[in-house]
Each structure stands twice: as C-alpha cells, then as structure tokens.
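In: below are the sequence and a predicted model; questions follow.
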Amino acid sequence: MDFTHLLRPKSFDEIIGQSHLVSKDAPLRRLCENGALGHSFFYGTPGSGKTSLARVIATVMQLPFYEFNATSLKVEQLRKIFDQYENALQRPLIFIDEVHRLAKNQQEVLLPVMEKNSILLIGASTENPFFSLTSAMRSRSMLFELKRISKDEMNALLEKALESGKLTPKGHFACRDDAKEYLVVSSNGDARAMLKLLEFASALHNEITLELLKSLRPTAQNDGSSDATVHYDLISALIKSVRGSDADAAIYYLARLIKAGESADFIARRLVILASEDVGNANPQALTLTTSAMSSVAKIGYPEARIILAQAVVYLCASPKSNSAYLAINSALQAVEDGVLLEIPKNIQQNNKGYLYPHDFGGYVKQKYLSKKLKFVELKDSGYEKKMKEWMEIIKS
C-alpha cells in the first residue's frame, strides 16, 4: 500500500511537524488563509514536507495546482499555463521542485508573471535557493525553512500509518517495537523514506521485524554530502570540533563524511589546513603528521584510509592550539592592502650595504629590518609556542 499517498495531509492541521509554519498563529498559515501569500521558496531536508505543504496551500487558497521539477521543466510548459490563465479570474499555483536548478532563461520567463501576480510561484529545494536565484527573483519572494522532522513527530506519523494500514484490504499486519524504533531512527527525519520502507516491508510480510527492515535498508539514512549545504555543514562541524578539542564529536563528523562518500583526499587537505591554522606552532609536528596523512590516503584509499584520517583527527584534537601564524599573515596582508608599503632599509637590500651577519655575532645582532615599527606576530603561551616565545625573548635580550 502507498502510505505516502494515503497519509498526504489535506489541511494545515494534518501536517506532521513544521509548527512554526502551520500552527494557527504562524505567519505563513495566516497569509494563506487570508489569501495574501506571495511567491515563496521552501528549503529543508528531504522528506520534511515541502511538496505536501505546497499542496495544502493550493487547497486552502483554492488555486489550481501544477507541479514541476526544475531538472525537466521546459519553458513551453510554463507559457502554455500562462496563456491558459491570461484572462482568467483565478490564478494557478505553480510548484517547482529542485528550484535551485532553474536555468537563467527559465527564471527570466517567470519574472513578468511574478511581477503581475498572475501566478503564485512556490519553489522547493534541499538547498537554500536564494543563493542560486537572481536578485530579481529574490526581491519578489519570501523564504521559508522547513526543519527536520523530530523523533517524536516521526513516531506520531508512524503510528498514524500503522493505524491507516489496518483499514486497507491488505492490512492487519503487525510491527514489532524494535522494528518501529528502526523505522524512525534509520530514516533520520525523512518522513517519505520511513513510509516507503514501511510500504516495502508490509508488501513482503504481515509481521514487520527488525531483520526484515534491515534486509531492505541495511544502514541508516544519512544526509550525504552531495548537497552543497550539508557538505559544508559536515566539514565545518568536523573542523570546529577539532578546534574545540572534542575528539568524540570530531570522530563522529568524520564518520558522517566518510559514510556520505566524501573524498578522503578532501578531508585530508582540510586537516592539513587546520594543522597550520589552528594548531600552528603550538605543536609544529601536527603539520608534518597531517601532510603525511594526506600523502598516505592518496595512495591507499578507502576503506583503510579511514584509520589514517581518524589518527590525524584524534592527534589534532589532543594538540595544544594556536592561531598566531594565521592572525599574523592576515594582519600583514591587510596592512599591505591598506597601503602600508614601507621602503626596505638599505642594509637588507640586495647589495647588503651595512648588513650585519647574525652568525658573526653569536646568532643575533640588533639592526634595522623595517623602516617603521610594525607588530603582527603575537606568540601565545600554548604548547611549543610558549618555548618559542621564551627563546625569542632570550635571543633579543
């Protein structure tokens, strides 16, 4: 049985989750009920209810509903609808999924009818579509985020599905408690994925067991990282966890990236950058280790590369942290951009006129290296950098 179709909400009150959009006092719902909703774009994780919400809006506002996907949408299809409703008293609701893939010429075709409000345009995407839409489209629209459906909400939807299943000719199936837990947890907030798994399992057996579900879906759903937003969110979470010295969190996000199919080379490159930016001279060995890890994973690949990446991540988490080199070069670059272009003192120019060779003076001799005093490097009292700071003070004294 098709649980997705069977449980498709027909009103705001039937929508599971998204209370910030569909509760009685939510602005989006009030705009719809007042017939005042403008062109809108929805974005959120897969299975969060973007299409269902658009269908409910069409029902509430009593608008004809046309559904398209940007990957296969043709301009001629749009023009045919525009012509059909050109002199009509009622405007259509045009829903476009994967709206971030709209080509520029498709956006240009939509602009005039958006301006005249002769259609109501609603777009949906798993990515924030405002980054891919033209400024003209953005200025005529509102943006709404759909949140991942919570575990409690997924449980409520599952119970509703199980109850609905009993009413069908092929109903009367049983679902064990551990199977219910797996249906919810393994679907990762994706309502459609959960209902599809339930649908396939109920077609095979009247008693849904954990073993049956795992034979259909061996591992839990994850976000993947082909979605640009998720890709950057996961790598950002890994970097910030390492920077914060939380090894458990860092290893978790590393596992998420690996399971999502992220390139070992990409992860290793980011760890090399982190070793210099966030660990720096507090532990200079970190750069050596991560560079070695980058070379190793390039030659070895998965699955063994996961061990090398894990070693590097744990090492970086346990390392003392300093971003003094990062701050120093950024500060110096900014000074150059701001026009701080000093004349090079003659004693350190190529002709060496007046240059004092430090090795002739025991390793250090005071002389002019800048024609004006500047300060960029602030060594910190962290790890090995504390020793460097002490040595610099000793040398200059």
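Out: Looks like it arrived, so ask away. Not measured: the values here are computed from a predicted model.
In: need the helix or strand of this structure with the lowest average pLDDT.
Out: Taking mean pLDDT, DSSP states H and E as the measure, the helix or strand of the chain with the lowest value is helix 3-6, at a mean of 81.
In: what residues sit buried inside that one?
Out: By 16 or more other Cβ atoms under 10 Å, the buried positions in helix 3-6 come out as 3-4. To be clear about C-beta, it is placed using only N, CA and C from the backbone, and glycine gets the same treatment.
In: show me what whichever helix or strand comes after it is packed against.
Out: Next along the chain after helix 3-6, taking DSSP states H and E as the criterion, comes helix 19-22. Contact analysis of helix 19-22 by 3 or more Cβ pairs under 8 Å, 6 or more residues apart in numbering; DSSP states H and E lists helix 27-33, helix 50-60 as its packing neighbours.
In: quick one: mean pLDDT over helix 19-22.
Out: In this model, helix 19-22 has a mean pLDDT of 95.
In: quick one, which of the helices and strands packed on helix 19-22 is packed in tightest?
Out: Mean neighbour count, computed with mean count of other Cβ atoms under 10 Å, is highest for helix 50-60 among the helices and strands packed on helix 19-22, reaching a mean of 21.
In: restrict that helix to CA atoms and write it as CSV.
Out: In CSV, the C-alpha atoms belonging to helix 50-60 read as follows (Å, rounded to 0.1, in the frame of the first residue of the first chain):
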residue,chain,number,x,y,z
LYS,A,50,7.9,20.7,1.2
THR,A,51,5.6,19.3,-1.6
SER,A,52,2.8,18.4,0.9
LEU,A,53,2.9,21.9,2.3
ALA,A,54,2.6,23.4,-1.2
ARG,A,55,-0.4,21.1,-2.0
VAL,A,56,-2.1,22.2,1.2
ILE,A,57,-1.6,25.8,0.4
ALA,A,58,-3.2,25.3,-3.0
THR,A,59,-6.2,23.6,-1.3
VAL,A,60,-6.5,26.4,1.3
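In: what average pLDDT does that helix get?
Out: pLDDT averaged over helix 50-60 gives 96.
In: what pairs with whichever helix or strand comes after that helix, and is each one parallel or antiparallel?
Out: Using DSSP H and E, the helix or strand that follows helix 50-60 towards the C-terminus is strand 65-69. Using DSSP bridges, the strands paired with strand 65-69 are strand 93-97 (parallel).
In: quick one: contacts of the partner strand?
Out: 50-51, 54-55, 57-58, 61, 63-70, 73, 78, 81, 102, 119-125 (Cβ atoms under 8 Å, 6 or more residues apart in numbering).
In: show me the strands in the stretch 51-200 of the chain, by range?
Out: For the stretch 51-200 of the chain, the strands defined by DSSP state E, counting those that start in this stretch cover 65-69, 93-97, 120-125, 142-146, 174-175.
In: for the ones you listed, which one sits closest to A328?
Out: Nearest to A328, of all the strands of the stretch 51-200 of the chain, is strand 142-146, at 38.7 Å by Cβ to Cβ.
In: got the buried residues for the closest one?
Out: 144, 146.
In: how many residues are close by the spatially closest residue to I300 that is not a sequence neighbour?
Out: Spatial nearest neighbour of I300, chain neighbours left out: I308 (7.0 Å); criterion: Cβ to Cβ, 6 or more residues apart in numbering. Number of residues near I308 (other Cβ atoms under 10 Å) recorded here: 18.
In: what is the mean pLDDT for the helix or strand where I308 lies?
Out: Using DSSP H and E, I308 maps to helix 305-318. Helix 305-318 shows a mean pLDDT of 96.
In: residues contacting K353?
Out: Residues near K353 by Cβ under 8 Å, 6+ apart: 346-347.
In: name the SS class of it, please.
Out: Three-state call for K353 (DSSP: H, G, I helix; E, B strand; the rest coil): coil.
In: how near is it to M294?
Out: Distance, K353 to M294, using Cβ to Cβ, to the nearest Å: 44 Å.
In: which neighbouring elements make contact with the helix holding I308?
Out: Using 3+ Cβ pairs under 8 Å, 6+ apart: helix 305-318 touches helix 228-243, helix 247-259, helix 264-274, helix 285-300.
In: per-stretch mean pLDDT over these, give me the minimum one.
Out: Taking the mean pLDDT of the helices and strands packed on helix 305-318, helix 228-243 comes last: a mean of 84.
In: gap between it and the chain center?
Out: Centroid separation for helix 228-243 versus its chain: 8 Å, with Cα atoms, centre = their mean, to the nearest Å.
In: with stretch 270-281 instead?
Out: 22 Å.
In: so what touches it?
Out: For stretch 270-281, contacts defined as Cβ under 8 Å, 6+ apart pick out 235, 238-239, 242-243, 286-287, 289-291, 293-294, 309, 312-313, 316, 319-326, 379, 384-385, 388.
In: go on, stretch 317-336?
Out: 241-243, 245-247, 250, 276-283, 286, 374, 376-380, 382-385.
In: ok, of the residues you listed, which come out buried?
Out: Buried residues within those, counting neighbours by 16+ other Cβ under 10 Å: 241-243, 247, 250, 276-283, 286, 379-380, 382-385.
In: re the thing from before, so the helix holding I308 versus helix 247-259, what angle?
Out: Angle of helix 305-318 versus helix 247-259, following axes from the mean of the first three to the mean of the last three Cα atoms, to 10 degrees, is 150 degrees.
In: and helix 305-318, what's buried?
Out: So for helix 305-318, counting by 16+ other Cβ under 10 Å, buried means 305-306, 308-310, 312-317.
In: and what of stretch 344-354?
Out: So for stretch 344-354, nothing qualifies as buried (16+ other Cβ under 10 Å).
In: ok, now how distant is K346 from A282?
Out: As for K346, its distance to A282 is 37 Å (criterion: Cβ to Cβ).
In: same question, I149
Out: 43 Å.
In: kindly report the same for V109.
Out: Counting by Cβ to Cβ, the gap from V109 to A282 is 56 Å.
In: quick one on the thing from earlier: how about the helices and strands packed on helix 305-318 in TSV, adding distance to F144?
Out: Output for those, formatted as TSV (distance: least, Cβ to Cβ, whole Å):
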stretch	distance to F144
helix 228-243	15
helix 247-259	26
helix 264-274	32
helix 285-300	40
